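A.B. asks: Quick one, structure for this:
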Amino acid sequence: MCFTFLPGCFGAINTSTRYIDLDGDYNTVMHTACCLRVACKVSTNHRVLRSCKPGVSVPPKLQDEGKGRCPQPTKEKPASGCGVINGQRADKTVIRQSDRLGIREEIMVGRKVDREIIARRNSCRDRMMIKLNFCFFFCRGWWAFLLIQLHMLQALAQDDVAPYFKTEPGLPQIHLEGNRLVLTCLAEGSWPLEFKWLHNDTEITAYSTEYKYIIPTLQRSHAGFYQCVVRNRMGALLQRKSEVQVAYMGNFMDTDQRKTVSRGQAAVLEFLYIISYPRPQVTWFRDGHKIIPSSRIAITLENQLVILAAEATDAGGYYVQAVNEKNGENKTSPFLYLSVASEY
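C.D. replies: Presented below is the predicted three-dimensional model:
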């Protein structure tokens, strides 16, 4: 029975000692010692029982130890030794049964202790995992914050770029009077960039982040040269001048004029003044008929009408028609009456 029980006991020992951690759990060690004590006790009892059976040889060492407790039967006293042995067997049986119950109780207690140890270790492991997860998320957030700060420091540590213009003004711009005008200053460089506008070398705005200059209703006085100034921490830069022209057209003077020349002399009819930009296209008329230049009649670059060797047939009412090609306006001048006097 002892050898039958020992493997189970040592299995329980292995199971118990399997959960011993590096710190050396006290309850587990005590359970292992208890199982060893029980196993040794059962083995000793079994040896004593075997030594008391009739006809079984007992080792000398055990014979010396067992003198006076288990005598061999003789012819004079054949039953005296057996009676003692039977009584002892009954006592041993009770002891063996009590040992079995004690062993079972020890095993149950050991298993209970093992379960408590496992539960306590699992609880500690869960708390440790919670702490590790918290530490992981906290460390990850902290590293993300550090990376953002590092990126910002690198951006600030980069060399600043002086302002420069992406485009430069081209040909003069012609816009109609009354229209909306938008001037744009396209520049780049290290931010923040600030812009200022000049009109005919006079400041018309202060420095601001607005890179556009807007004129809601364009007037004649808005014509001229515009310049943009851009600046940042590295300095300021002045753009080339951009010419803005306003197309408009005024009116002729509301007065008729008269002119008299002698026959055979040249007659020069002046173009009546009119305010206009750009310069209008002029056409001369006499009595409602368009005048076509010829070898005797010419129109100068200043829109003067020249009649060589005037004749009586050249007398009449003259006027001009002016057209502004940019805004499409058309104006007609007052009459200019020409008289040709005879020689006598």
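
A.B. asks: A helix includes residue 101, no?
C.D. replies: Yes - if the criterion is DSSP: H, G, I helix; E, B strand; the rest coil, then residue 101 is within a helix.

A.B. asks: give me the element the closest residue to residue 309 other than its chain neighbours is part of.
C.D. replies: Distances taken as Cβ to Cβ, 6 or more residues apart in numbering place residue 264 nearest to residue 309, at 5.4 Å, with adjacent residues excluded. The C-beta positions use only the backbone N, C-alpha and C, and glycine is treated the same way. Assigned by DSSP states H and E, residue 264 falls within no helix or strand.

A.B. asks: Could you do residue 259 as well?
C.D. replies: Assigned by DSSP H and E, residue 259 falls in strand 257-262.

A.B. asks: May I see the buried residues of the following helix or strand past that strand?
C.D. replies: The first helix or strand that comes after strand 257-262 along the chain, using DSSP H and E, is strand 267-269. Going by neighbour count (16 or more other Cβ atoms under 10 Å), the buried part of strand 267-269 is 267, 269.

A.B. asks: What is strand 267-269 packed up against?
C.D. replies: With contacts defined as 3 or more Cβ pairs under 8 Å, 6 or more residues apart in numbering; DSSP states H and E, strand 267-269 has these neighbours: strand 257-262, strand 305-307, strand 336-341.

A.B. asks: partner strands of that strand, parallel or antiparallel?
C.D. replies: strand 305-307 (antiparallel) (DSSP bridges).

A.B. asks: which outside residues touch the partner strand?
C.D. replies: Strand 305-307 is contacted by residues 266-269, 271, 284, 291, 296-300, 314, 318, 338 when judged by Cβ atoms under 8 Å, 6 or more residues apart in numbering.

A.B. asks: Give the rounded mean pLDDT of the helix or strand harbouring residue 129.
C.D. replies: Taking DSSP H and E as the definition, residue 129 sits inside helix 80-157. For helix 80-157, the mean pLDDT works out to 73.

A.B. asks: which is the next helix or strand following it?
C.D. replies: Next element after helix 80-157 (DSSP H and E): strand 164-165.

A.B. asks: So for that next one, mean pLDDT?
C.D. replies: Rounded mean pLDDT across strand 164-165 is 94.

A.B. asks: Number the residues from 10 up from this point.
C.D. replies: That works, and once the first residue is 10, the last one we named lands at strand 173-174.

A.B. asks: Go ahead and produce CSV holding the CA coordinates of the next helix or strand after that strand.
C.D. replies: Downstream of strand 173-174, the first helix or strand assigned by DSSP H and E is strand 182-185. This file holds the C-alpha atoms of strand 182-185, laid out as CSV (Å, rounded to 0.1, in the frame of the first residue of the first chain):
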residue,chain,number,x,y,z
GLN,A,182,-3.4,97.6,-67.6
ILE,A,183,-6.3,99.5,-69.1
HIS,A,184,-9.6,99.4,-67.2
LEU,A,185,-12.9,101.1,-67.8
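
A.B. asks: strands paired with strand 182-185, and their directions?
C.D. replies: Strand 182-185 has these strand partners (DSSP bridges): strand 251-258 (parallel).

A.B. asks: buried sites along the partner strand?
C.D. replies: For strand 251-258, burial by neighbour count (16+ other Cβ under 10 Å) applies to 251, 253, 255-258.

A.B. asks: what sits up against stretch 206-216?
C.D. replies: For stretch 206-216, contacts defined as Cβ under 8 Å, 6+ apart pick out 192, 194, 203-205, 222, 231, 233-238, 240.

A.B. asks: follow-up on the earlier one: the residue nearest to residue 318 and residue 349: what is the separation?
C.D. replies: Counting by Cβ to Cβ, to the nearest Å, the separation of residue 273 from residue 349 is 9 Å.

A.B. asks: ok, those two, which is more surrounded?
C.D. replies: Between residue 273 and residue 349, residue 349 has the larger neighbour count (other Cβ atoms under 10 Å), namely 19 against 12.

A.B. asks: picking that back up, Throw together a PyMOL command that grabs the buried residues out of the contacts of strand 314-316.
C.D. replies: Applying 16+ other Cβ under 10 Å to the contacts of strand 314-316, the buried members can be selected in PyMOL as follows:
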select buried, resi 276+278+280+293+306+308+323+327+347
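
A.B. asks: How about residue 196: which residues does it bridge to?
C.D. replies: Per DSSP bridges, the residues bridged to residue 196 are residue 174.

A.B. asks: which residues touch it?
C.D. replies: Contacts of residue 196 were listed using Cβ under 8 Å, 6+ apart, and they are 172-175, 202, 204, 220, 237, 239, 246.

A.B. asks: ok, it to residue 207 distance?
C.D. replies: For residue 196, the distance to residue 207 - Cβ to Cβ - is 15 Å.

A.B. asks: same thing with residue 300?
C.D. replies: Counting by Cβ to Cβ, the gap from residue 300 to residue 207 is 47 Å.

A.B. asks: how about the nearest residue to residue 284, chain neighbours excluded?
C.D. replies: Nearest residue to residue 284, sequence neighbours excluded (Cβ to Cβ, 6+ apart): residue 259, at 3.3 Å.

A.B. asks: What's the per-residue pLDDT of the one you found here?
C.D. replies: 91.

A.B. asks: you'd agree it is up against residue 281?
C.D. replies: No - with contacts defined as Cβ atoms under 8 Å, residue 259 does not count as touching residue 281, sitting 11.6 Å away.

A.B. asks: Of those two, give the one with the bigger neighbour count.
C.D. replies: residue 281 (19 against 14).
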